[in-house]
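Engineer: Sequence and predicted structure are below.
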Amino acid sequence: MSRVGRVERTTKETSVLVEIDLDGTGQVDVSTGVGFYDHMLDQLGRHGLFDLTVKTDGDLHIDTHHTIEDTALALGAAFRQALGDKTGIYRFGNCTVPLDEALAQVTVDLSGRPYLVHTEPENIAPMIGSYDTTMTRHILESFVAQAQIALHVHVPYGRNAHHIVECQFKALARALRYACERDQRAAGIIPSTKGAL
């Protein structure tokens, strides 16, 4: 059974297309106009083994905010769509990823209830190219709201802004991958005492 999501989102600020296959091989085709964000979405697809297409045209003449936010919203909605009724999945996933001096710890629950806990070192450099580093938390907030998942992301230490952000996306990719995996022992079962997620 295919686990594919496709979302088109168009506003006066952006036009976004996201397609995701949860059972892919990590094939990624991403273009948002924000180079570092593209790099992070590439990490998400490749390390999650999700086939991921993202095409965003946004009002970059203003700044990158709308482009980044609307892409994250569409990605979350596509991810939720692809999960379907969540029958037979593990539901929970976690991963710890180092990147040189930085470390990210991510835990996810595909619960149907959006909640984000996010911590990272203070005084992180404000920009990576055209990417505003304060947007990392907002990306996660937007993704969580639409995907309807509980997500805890903790970066206890790190110095380099690129490393601090990238290890978060890599750990998120792996945690989502593990949570989405099908549990052979739970075939046909929704992993909740409620009977629904």
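Structural biologist: All right, it came through fine.

Engineer: so where's this structure shaky on pLDDT?
Structural biologist: Of all residues in the chain, none has pLDDT under 70.

Engineer: Do a quick rundown of the helices in it.
Structural biologist: 35-48, 65-83, 135-147, 161-180 (DSSP state H).

Engineer: Select, out of these, the one closest to residue 93.
Structural biologist: Closest approach to residue 93 among the helices of the chain (CB to CB): helix 161-180, 3.3 Å. C-beta here means a position set from N, CA and C on the backbone, and glycine is covered the same way.

Engineer: Point out the other helices and strands that that closest one packs with.
Structural biologist: Under the contact definition 3 or more CB pairs under 8 Å, 6 or more residues apart in numbering; DSSP states H and E, helix 161-180 sits against helix 35-48, strand 92-99, strand 102-109, strand 127-128, helix 135-147, strand 150-157.

Engineer: Mean neighbour count and distance to residue 55 added to the ones you listed, as CSV?
Structural biologist: As requested, those are exported to CSV (neighbours: other CB atoms under 10 Å; distance: least, CB to CB, whole Å):
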stretch, mean neighbour count, distance to residue 55
helix 35-48, 21, 11
strand 92-99, 17, 27
strand 102-109, 22, 26
strand 127-128, 17, 22
helix 135-147, 21, 17
strand 150-157, 17, 25
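
Engineer: what's the closest of these to residue 75?
Structural biologist: Among those, helix 135-147 sits nearest to residue 75 (CB to CB), with 5.9 Å.
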